[in-house]
Every structure is written in C-alpha cells, then in structure tokens.
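1. Give me a 3D structure for the following:
(2 chains)
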There are 2 protein chains.
Amino acid sequence: MAQKPSIPKGTRDFNPEQVARRNYIFNTIKQSFETFGFQPIETPSFENSETLMGKYGDEGDRLIFKILNSGDFLSKVENGIYESKDSQKITPKISEKALRYDLTVPFARYVVQHQNEIEFPFKRYQIQPVWRADRPQKGRFREFYQCDADVVGSNSLWQEVEFIQLYDTVFTALKLEGVIIKINNRKVLSGIAEVIGAQDKLIDFTIALDKLDKIGEEKVKEEMLGKGISEDGIAKLRPLFSLSGSFESQIESLKTILSSSKEGKQGIEELEFVSKAIKDLGLQTAKLQLDVTLARGLNYYTGAIFEVAAPEGVDMGSIGGGGRYDDLTGIFGLKDVSGIGISFGLDRIYLVLEELDLFPETVMNNIEVLFINFGEREALYSLKAIKRLRQKDIAAELYPDDAKMKKQMNYANKRNIPFVVLVGEKELNSQVFTLKNMKSGEQFELSLDQLISYLK
Amino acid sequence: MAQKPSIPKGTRDFNPEQVARRNYIFNTIKQSFETFGFQPIETPSFENSETLMGKYGDEGDRLIFKILNSGDFLSKVENGIYESKDSQKITPKISEKALRYDLTVPFARYVVQHQNEIEFPFKRYQIQPVWRADRPQKGRFREFYQCDADVVGSNSLWQEVEFIQLYDTVFTALKLEGVIIKINNRKVLSGIAEVIGAQDKLIDFTIALDKLDKIGEEKVKEEMLGKGISEDGIAKLRPLFSLSGSFESQIESLKTILSSSKEGKQGIEELEFVSKAIKDLGLQTAKLQLDVTLARGLNYYTGAIFEVAAPEGVDMGSIGGGGRYDDLTGIFGLKDVSGIGISFGLDRIYLVLEELDLFPETVMNNIEVLFINFGEREALYSLKAIKRLRQKDIAAELYPDDAKMKKQMNYANKRNIPFVVLVGEKELNSQVFTLKNMKSGEQFELSLDQLISYLK
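-> Prediction:
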C-alpha cells in the first residue's frame, strides 16, 4: 500500500522560490564575509558524541540528536546495564555520533585539530545546517542554518569594530535599513554584580536583568530578591534601570556606578574604544546602541556582547548576535586563544525581508524563454537555437512534448516565463523565430541573431 | 582533561581552499542547471524512517543512518521485544527518523506531497549531502554531496537529448574535455535476455554483463553459466561481446541480434532517436558512446541508462550517471509519472580536476590587500580606507594587532595576500598610502582614489 508522504515535524521542504530567496540572503552574507577577509570552512554534519556532549549544559545535551550505531548495536551493551532499561545510561553504549548542535563547538574542534595548518589570527565563516530536538513552534525548527563569522587568535578590540561594520554592511546590502546593533560588555556586568555585592550570583543577576524589557523593573527586582541579592544591592541598581539617552551619556552614568570596580572600568574603556571608532568610521544604515541589560549565553562571553534587532516597527526577536569569548578552544586542549564571533539568524531575516517586501524581484532564477513544441522537426530546429541561447547564458527550454498549444502556453504562464518562441512550418522554412511577449501579448518575427540580442 | 579532537571515520573537514574548489564545481553545475531550466529544491536532512526504509534493498536499509528518538526512548519498547535484545527488531521502536541516503527517494516523496503546487513537467535540481554507513575507503565517504537534476511528468525522448547536452555543457564549462557519455537502454537489455531465453534472469544476466570491462569475456560467461543461463543462450551473445565501432554500426549489429524481440527493437529505436538528435545538435567537447554492457541499478531504470567516464587516460570510476525510470513516485501513491534524471559525482570530479590541474587559480576568494597595523591612529585611518575599498568589492583587512612588522608581513605571505598597505606617521600626515606588491617587492605611494583604481 502506498504511504502517505510526510516529513518529520520541525523540518521543512523548500520550493524553488524559497531556495532562491534563501540563497539571496546566504550569498549577500557570504560576499560581505569575503570582502571582510573571512574564509569558509565546512565541518561534518555529525561529530563524535564526546565532542558535543557536555558543551551546551544539560538542556543542550538532551536536545542533541544522537545517531544509532550500525549493525548489531545491542550486542555491545553489557547485560547489567541493558537490564536497567535506562535510556540515559544506554544511550552512550548504542550511539557514538551526534548531529551538530551549533557551529561554534565544531569550529573550536576544527581549530585545535588543524592548529598547525592555520595562520592566526584565523578569520573563518561557516554557513551550514544544525539540528536540535527542540519542541517545534512558530519560527523554531529542528533543522536550521547558522551563518557564523569568527576570528580566533587576536584580542584586538579592532575586531569588535570590524564586526559592527560587518553587520552594518550585510544589512545595508540586504536593504534592511535601520537595524539596531546592541552592544554590552561582560566586564561591565561583572562590575555591576561586584558593586552590589553579588559576584557569586552573576549569572542569576544577569538572567534577571536581561528580562527588564519583557517584565519590567518591579518583576526584575522581585526575581533578584528571590535569588538572594540584597535589597541594598538592588537599590544601587536604580540608576541602571533608568539608563537611557546617548551612548556617551549612558557611559557617563556607568562610570559613576562602577567607579569602585576595576573590572567594570575596564569594560567601560572597551565600550568607549569601540563606540569612538564606530563614530569616526560611521555606519551606513545601522544604529549602535549600548544596552546594559544585554547578557546572552553569559557563561560563554568574556568581553563584548552583541545582539541585532530588526528595524523599529518590526516585531521579531533578535536577527543576529555574538560576542567575545576568551577560551573557547580550551575545552579541546588549546589554551589562551581569544576569539570573537557573530552570527546571522537566517530564518528570522527571511521573515523580516518578506514582511517588508525587500526581496528583489529578480531573485528567482527563472528561464527567460520557452520554445513551444510543434513536432519533431520543429523541436530539433528549436533545440539548435536553444543551444546558442544557453551559450550566451540565456536560460531557455523546449516544452518536451508536442502537446496542445493551450497546455504549453498554460505551462509558460504558470511558471511565469516572460517569453515564448513559436516555431511552425512557416518559421522553419524561412529560418526565423516568432517571439511572443507573455505580458504584453506582442509578437515579433526574428532571426536567431536578433533573438539572441533581444533576449540578452 | 582536554579531549584529543577528531572526527568520525568517513567524514571530512574542508579547509578554505577545499571549500572554494568545491563551490567552483557546485556553482558551475548550478549555472548550467539553471540555463537548462532546472529549479532548485531542498528537502530535510532526515526523513521519517518509513519514507526511506525498503527503498534501497536490504543492503541499503542497513547502510541508512538511524536517529535515536529523544527523551526516555526505551520506555516505549514493550518488555517482550526488549528482552529479545534483537537490534533489528528494536531499531524501529527507538528510532523514527533516518538521515537521507540519496536525493532520489526524498525527491519522489516531495513530488507526491506537493503535487498540487507543482507545474508538470517539473524540472528540479538538488545539491545536498547524503549519508551512508558504508565502510569508508579511498574516495568513499559516509557523508558526501549528490548533485541531481531530474524531470518528472514527461516521457518525451527530448529529455534524454537534453541531459546529454547538459553533461556536455557542464564538463565543457569545467574545462574537462573529452569525457565519455555512455548510453544504453534497459529495453535493449530486456530484449537480449528474451532472445537468449533468460527473461527471468534479467538481473543476474545484466550484473554479469556489466563486468565485461573488468573481468573479461570468459569470466562473464562462467558467471552466466553459474546463474543458470544456458550454453545455447550464451552462444547467441557472441556478437555482443565483440560489439565495437561507431554508434551506428553497433546499432546495426543489435538490430540483427534483437530482430525477434519487440521490446528490444523499441530500445533500439529510442537509442537511434537520441543518437541522431545529438549528431544534429553536436556536442562541444564530450563524446557519446553506446555501451550495451551498461546496466547500473537496473531494477530502477526502465529506458535510457547513462554513465559518464573521465577523459581517456584518467583512471577514475564513473563521474556521473542516470537514466529514465517510469514509476518512481508510485511508491508514494502517485502512479504513471515518468521521470528521467542524471547526477554528478562531486568528489570524483574534484579529484579529476585536481589531477589534471584544471582548477582556475582565482577560485580561492582571498583578500586583495592587508593593511599593516602600526598603532591606533594609523589603524583608524586604515579602516576608513578599508571601508571604501570594500564598498568597491575589494576584499581588504587590517592586521588586528600592532604586532612586529615581520610577523604581520609573514601573515600576508602565508596567506598569499598579493598586496600590503603601509601607513606610518608620514603617510598619515600627507594622507597617502604606501602600497607594496608582495610578489615583485615594488612600492608606490598612492592617494586613496589611486589606491582604489589600482586595486580594482
């Protein structure tokens, strides 16, 4: 019996138009990456489980897709363990490989494994799918692409400046004007935690602070209290909640708040360096904003933290993010390699461009002309012309069967093909082609050379 | 303790040069696909297991990578089955998804699932990785890309003609001249089996015949005898073993051999149609050859069978193949959709281009110019110039740290960057740039506009 075809939940088929639109975004990002000096690498879709497990926290470990060993995989499971019927215990015995969960850990693994072939600083980009066994929901998939650019082997702050320029360049090229690049610095967050006496609660503190936008000042304070941060400490935060105004004026407030924290002051210095350079260099269409509540995966970042928001008026979470991490490759045994990287959220960028109608009309690589098929002799004559057209990079095809004219014209219409060529007895005898404009309905009789130059 | 990083056997990391070379092949193929009117689709990396299982024979089923269900996957296994500890029985209970094994079955699934959105004939191409749990060996990987173009919904023989033209176009564009496109027809093979009285042994017969090149006439006959094909029947094959000469003269011999088989004669007619059309249209650099021993996955193909061999003198298995199949979508419930498709063997094409030194030198997207970093003021001045260069699509970067000059020049050399720009006190004061050609060692002092036009 025939199966009713379907695909696993959280995955997608992409039709030709969707592929073309996705490639438009990928190609724009790639081209910017390359003018900025980033080079592409690719890593395998699956890694050894030990490369991935334990790198994303318990939640991450659960969301990693594991691949079943081949052959009689159960024969390697000791009876004692087998009898427990404990999925968690048995998993490592029957699965040695797992699908990539992100591009960052495989990149760290790549850098360590190939360290002798790499010139540092190493600027790489990587655009590949990743897989997560997350509960699918609107805009969240089990298979999706990540587009990452990272530099490892340099702790120069010019990299921060470059990445902001890169975001500006990509979104300007995509005609998505007015995106907001938010920046923060882990050292500023550490400084604040120090000042309010909550160093040991830095993560709880930043998780709460990060929610300021969503739940408001009162709820954030409640959460902090609940996590054991003192009333006194929270009181010192008051100026923080009302931080607003220009980059510079916020920096000035921070300087007051953090005057007693060495680390905090260092963070401020870094932010000032970046902000000053960006002011000098200018941004094409993006805006740079300081956002002291920005935390993103904090146990990971050690310096700058970035996040990009869609232009005002578009309701869509972050469309990009990143930051500096000081010891990514340490987990694989290569110490003291500072890195910084950013990533672009393809699926969300796609939705924003769709909502704002920013995809170019020409993004779909459609054929320019369809030759109507009137029979064997005409078809052969047509294919000779089609061959010449294709050599001039004009996409053309012959309707494969000498079906009814109406059916063939219908096909041209449905596929939005702008021109058809009609070759009957008459055209064949006088070695010409009748070209019909499908929009205007106009028809011309042309020689092959005229046809080529008309369509070019 | 730090882990020693490695990747699963049969998988590969690709460094920037390899990615660039692979993309050169992909892009050349894509461009040809599109001028021929093919449109891209993409399907998920994993499918529901029932979509894939049973479609590739028992061997195929074993080579499919299965994905372990998430969560407490063992809780769903009944105790009776669990106690058997039988890997094969338990697999479907703990795994519902599997990695794509080829692009053809997912394509068939796609066509059936989306039949109402598709205009037939549907010309699609697909370039995505597939996974097979095969024993890795030289040139055989567990993750590799397939590049397929197929048309479904037309049984016109012009498609066969088009696909031969497409092969010729792609390999000509890759400068790989002289590839041999071998063609055969399943109906000719059926006719021969009929004539020698071995209809019921068609598969055994063609598997043996297919080995003629490798093991020679005597061993092929032995194998056929062993499979129960009569001495008498094999004797009738004598002219077949010595078939040689031009396409036309081989066709004449086949006509004699197959005079009593209706199906065989139909196959000959089809071959003649295609051969005549290709003769009229001409091929740019490829050669078309009839190869009656060509069988390839026979239970699949119903008409034309294609295989492409590298130019003479290059020892490499087939670099492409395909054929016509009459009922691919039937397995998913859509009957009577004839299809034909071809595929390109990326990894082997890569090896051939490498062996013959056919990769263009410019394939690697390297940066054009590195700005040496002499300190903060100079760096900022440099970044302003770099921003202008990038806007003109000139790939440029600043060395991120004001490291020793020697270290920076070393980096430029190792990365094969053709030019460096030196900006010191002097250049800064007179608003110029010193450009150094890394090959010749020559140096010029240029204004920014001059620098841009020089590098463009």
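
2. CA only for contacts and neighbour counts going forward, please
-> Fine.

3. Go ahead and confirm A:Ile340 touches A:Gln159.
-> Yes. A:Ile340 is within contact range of A:Gln159, at 7.5 Å (criterion: C-alpha atoms under 8 Å).

4. Between these two, which contacts overlap?
-> A:Val151 (C-alpha atoms under 8 Å, 6 or more residues apart in numbering or on different chains).

5. out of those two, which sits in the busier spot?
-> Per other C-alpha atoms under 10 Å in any protein chain shown, whichever of A:Ile340 and A:Gln159 has more neighbours is A:Ile340, with 28 against 22.

6. Next, see if stretch A:96-107 gets close to chain B.
-> Yes. Using C-alpha under 8 Å from any C-alpha of the partner chain, we find that stretch A:96-107 touches chain B at A:Lys97.

7. For that stretch, buried residues please.
-> A:96-107 (16 or more other C-alpha atoms under 10 Å in any protein chain shown).

8. and which of those residues is nearest chain B?
-> Proximity of those to chain B (C-alpha to the nearest C-alpha) peaks at A:Lys97, which lies at 7.4 Å.

9. Return the set of residues that bridge with the closest one.
-> With DSSP bridges applied, A:Lys97 shows beta-bridge pairing to A:Asn48, A:Ile67.

10. Might one say that it is in contact with A:Ile67?
-> Yes. Using C-alpha under 8 Å, A:Lys97 is in contact with A:Ile67, at 5.4 Å.

11. Show me the helices in the stretch 201-350 of chain A, by range?
-> Here the stretch 201-350 of chain A has its helices, by DSSP state H, counting those that start in this stretch, at A:202-210, A:212-226, A:231-236, A:238-241, A:247-257, A:262-281, A:346-355.

12. from the middle of its chain, how far away would the fourth one be?
-> Its chain's C-alpha centre and that of helix A:238-241 lie 33 Å apart, by C-alpha atoms, centre = their mean, to the nearest Å.

13. same check, this time on the first one
-> Relative to its chain's centre, helix A:202-210 lies at 26 Å (C-alpha atoms, centre = their mean).

14. Output it in PDB with nothing but the alpha carbons.
-> This file holds the C-alpha atoms of helix A:202-210, laid out as PDB (Å, rounded to 0.1, in the frame of the first residue of the first chain):
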ATOM      1  CA  LEU A 202      26.500  36.900  38.400                       C
ATOM      2  CA  ILE A 203      24.500  34.500  36.300                       C
ATOM      3  CA  ASP A 204      21.300  34.800  38.300                       C
ATOM      4  CA  PHE A 205      21.700  38.500  38.300                       C
ATOM      5  CA  THR A 206      22.200  38.900  34.600                       C
ATOM      6  CA  ILE A 207      19.400  36.500  33.700                       C
ATOM      7  CA  ALA A 208      17.100  38.600  35.800                       C
ATOM      8  CA  LEU A 209      18.500  41.900  34.300                       C
ATOM      9  CA  ASP A 210      18.100  40.500  30.800                       C
END
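
15. which residue packs closest to A:Thr169, ignoring adjacent ones?
-> Setting aside the residues directly before and after it, A:Thr169 is nearest to A:Ser32 in space (C-alpha to C-alpha, 6 or more residues apart in numbering or on different chains), at 6.8 Å.

16. okay if I get the buried residues of stretch A:96-107 as a markdown table plus pLDDT and secondary structure?
-> Listed next are the buried residues of stretch A:96-107 as a markdown table, based on pLDDT from 0 to 100; DSSP: H, G, I helix; E, B strand; the rest coil:
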| residue | pLDDT | secondary structure |
| --- | --- | --- |
| A:Glu96 | 97 | coil |
| A:Lys97 | 98 | strand |
| A:Ala98 | 98 | strand |
| A:Leu99 | 98 | strand |
| A:Arg100 | 97 | coil |
| A:Tyr101 | 96 | coil |
| A:Asp102 | 95 | coil |
| A:Leu103 | 96 | coil |
| A:Thr104 | 94 | helix |
| A:Val105 | 94 | helix |
| A:Pro106 | 97 | helix |
| A:Phe107 | 97 | helix |
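
17. Nearest to A:Lys276 among these?
-> A:Thr104 (29.3 Å; C-alpha to C-alpha).

18. Quick check: the residue nearest to A:Thr169 touching A:Gln165?
-> No. Using C-alpha under 8 Å, A:Ser32 makes no contact with A:Gln165, being 10.2 Å away.

19. where are the low-confidence patches of the stretch 251-400 of chain A?
-> A:297-298 (pLDDT under 70).

20. Around chain B, which positions in it sit nearby?
-> With the criterion set to C-alpha under 8 Å from any C-alpha, the stretch 251-400 of chain A comes near chain B through A:277, A:281, A:330-333, A:365-367, A:380, A:383-384, A:390, A:393-397, A:400.

21. Sitting in strands, which of the residues you listed do you find?
-> Residues of those located in strands (DSSP state E): A:396-397.

22. Look up which helix or strand the residue nearest to A:Thr169 falls in, please.
-> Per DSSP states H and E: A:Ser32 is located in helix A:16-35.

23. Tell me which residues touch the nearest residue to A:Leu237 once chain neighbours are set aside, please.
-> Sequence neighbours aside, A:Ile196 is the residue nearest to A:Leu237 in space, at 7.6 Å (criterion: C-alpha to C-alpha, 6+ apart). A:Ile196 makes contact with A:232-234, A:236-237, according to C-alpha under 8 Å, 6+ apart.

24. Of these, just say which sits nearest to chain B.
-> Nearest member of the contacts of A:Ile196 to chain B, counting by C-alpha to the nearest C-alpha, is A:Leu237, at 34.5 Å.

25. Check the burial of that closest one by counting its neighbours.
-> 17.

26. do the same with A:Phe36
-> Around A:Phe36 there are 25 residues (other C-alpha under 10 Å).

27. now swap in the one 10 residues further on and tell me
-> One way to gauge burial is a neighbour count; for A:Phe46, by other C-alpha under 10 Å, it gives 24.

28. any weak-confidence spans in the stretch 1-150 of chain A?
-> Ranges of the stretch 1-150 of chain A meeting pLDDT under 70: A:1-3.

29. go with 50
-> In the predicted model, the stretch 1-150 of chain A carries pLDDT under 50 at residues A:1.

30. need the helices for it, in chain order.
-> A:16-35, A:49-52, A:57-63, A:79-84, A:87-94, A:104-113.

31. In contact with A:Asn299: list those residues for me.
-> Counted by C-alpha under 8 Å, 6+ apart, A:Asn299 has contacts A:Ile203.

32. how about 10 Å then?
-> Counting by C-alpha atoms under 10 Å, 6 or more residues apart in numbering or on different chains, A:Asn299 makes contact with A:186, A:202-203, A:325.

33. Repeat that for A:Ile305.
-> By C-alpha under 10 Å, 6+ apart, A:Ile305 lies in contact with A:160, A:182-186, A:291-292, A:294-298, A:321-325, A:340-342.

34. For the spatially closest residue to A:Lys175 that is not a sequence neighbour, give its distance to B:Arg62.
-> Once flanking residues are discounted, A:Lys175 sits nearest to A:Leu358: 6.8 Å by C-alpha to C-alpha, 6+ apart. Using C-alpha to C-alpha, to the nearest Å, we find A:Leu358 at a distance of 46 Å from B:Arg62.

35. which of the buried residues of stretch A:96-107 lies closest to A:Ser6?
-> A:Leu99 (21.6 Å).

36. Relative to A:Phe65, how far out is the closest residue in space to that closest one that isn't next to it in sequence?
-> Distance criterion C-alpha to C-alpha, 6+ apart; nearest residue to A:Leu99, sequence neighbours excluded, is A:Phe46 at 4.2 Å. Counting by C-alpha to C-alpha, the gap from A:Phe46 to A:Phe65 is 9 Å.

37. what does A:Leu52 give?
-> In terms of C-alpha to C-alpha, A:Leu52 sits 10 Å off from A:Phe65.
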